[in-house]
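A.B. asks: Kindly return the folded structure for what I paste below:
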Amino acid sequence: MSSLAKISSFYRSIFKNFPLFTFDNPYPAVNEKLNTKPVLYVSDWNGEPISESLDLESLQWQTWVKIHDPEIILLNVSNHASPDQNTPFLQVVSHKVVLKNALLLYLVNDEQLLQAITPWMSLLTGPVQIALNYSMYLDETNFQELRKNWFAKATWPLSLIRSIAQPLEKKKQLRILTEEKHLDADTIFEDAARAFSSLSEFLGNQIYFLNKETPSILDISVFSYAEIILHLPLRNDQLRLSLTSNKNLLELTNRVRALAGYNSYGSTLIDDE
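C.D. replies: Alright, predicted model coming up:
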């Protein structure tokens, strides 16, 4: 059995045993629709249909829902509303909840696709995520700019948490990771640049990855990372430059943004032709 198949079987076995959680809804339904339809709870979103969440993973699943399952209702909440303190999470029926880490298997539910995209998703959650964290939290110039012009956009108390508590935790996590892997800033950004280059080569001239007719979760994940990176007010923008050197990834980002119906953002770096 291949390593990807083993990974898929392992996660599937876990998911079968623990697919749903039960919790008391902290935001009682205001109308009957919330009692009968699934609800995806996201954070750092102003509630406007054309607006994007400022939280990467919330943006990822918000976009997936808008494109693939618009019957799911979107609501903005604090992380504290989640049973495990993490957003996004999905309330499927009554008080049955799918937590963030189970959303991929629950919503995508395509084993062949998940096996095909696993190594490519790992480029985002690995080197790109590390470089994004480094840019945001360990680069002091960037961090001070973010405190003034990005973290403050979050709702209370997230604005305070993201300005004070979260950076300390991120620094601790990243320091441990970089020490274990003997990484420095140059290595981190070089790895991220190679990740973007690999994704760009894999996409090639296709409209969407794997020549799909509509965006898969891989396309949507690339969009979500790119959208955050493009719009973070970073003074030291090495990560953004690595991304924007890959024209087809920017074109993909523009396509997904338009398909999802967003216009609160909009890259001025490139026009999708």
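A.B. asks: Next up, phi/psi of the residue most central in space within the chain, please.
C.D. replies: Using Cα atoms, centre = their mean, the residue of the chain that lies closest to the mean C-alpha position is residue 57, 3.0 Å off. The phi and psi values for residue 57, taken as degrees, to the nearest 10, are phi -70, psi -30.
A.B. asks: Next one: it from residue 78, what distance?
C.D. replies: For residue 57, the distance to residue 78 equals 15 Å [Cβ to Cβ, to the nearest Å]. Just so you know, the C-beta spots here come from the backbone N, C-alpha and C atoms, and that holds for glycine as well.
A.B. asks: and the nearest residue to residue 69 once chain neighbours are set aside, how many residues sit next to it?
C.D. replies: Residue nearest to residue 69 in three dimensions, not counting chain neighbours: residue 107, with 7.4 Å by Cβ to Cβ, 6 or more residues apart in numbering. Counted with other Cβ atoms under 10 Å, residues neighbouring residue 107 total 19.
A.B. asks: Check residue 120 too.
C.D. replies: Count around residue 120 with other Cβ under 10 Å applied: 18.
A.B. asks: need the contact list for it.
C.D. replies: 198-199, 202, 209, 218 (Cβ atoms under 8 Å, 6 or more residues apart in numbering).
A.B. asks: Please repeat the previous calculation with a cut-off of 10 Å.
C.D. replies: Contacts for residue 120 (Cβ atoms under 10 Å, 6 or more residues apart in numbering) come out as 195, 198-199, 202-203, 209-210, 218, 221-222.
A.B. asks: Check residue 173 too.
C.D. replies: Contacts for residue 173 (Cβ under 10 Å, 6+ apart) come out as 130, 133, 137.
A.B. asks: quick one, phi/psi of it?
C.D. replies: According to degrees, to the nearest 10, residue 173 has phi -60, psi -50.
A.B. asks: per-residue confidence for it?
C.D. replies: Looking at residue 173, its pLDDT reads 76.
A.B. asks: next one: residue 153
C.D. replies: pLDDT, read off for residue 153, is 62.
A.B. asks: thinking again about what came up before, right, and the residue nearest to residue 69 touches residue 98 too?
C.D. replies: Yes - the criterion here is Cβ atoms under 10 Å, and residue 107 meets it with residue 98 at 8.0 Å.
A.B. asks: which residues do those two both contact?
C.D. replies: With Cβ under 10 Å, 6+ apart as the test, residue 107 and residue 98 both reach 38, 40, 90.
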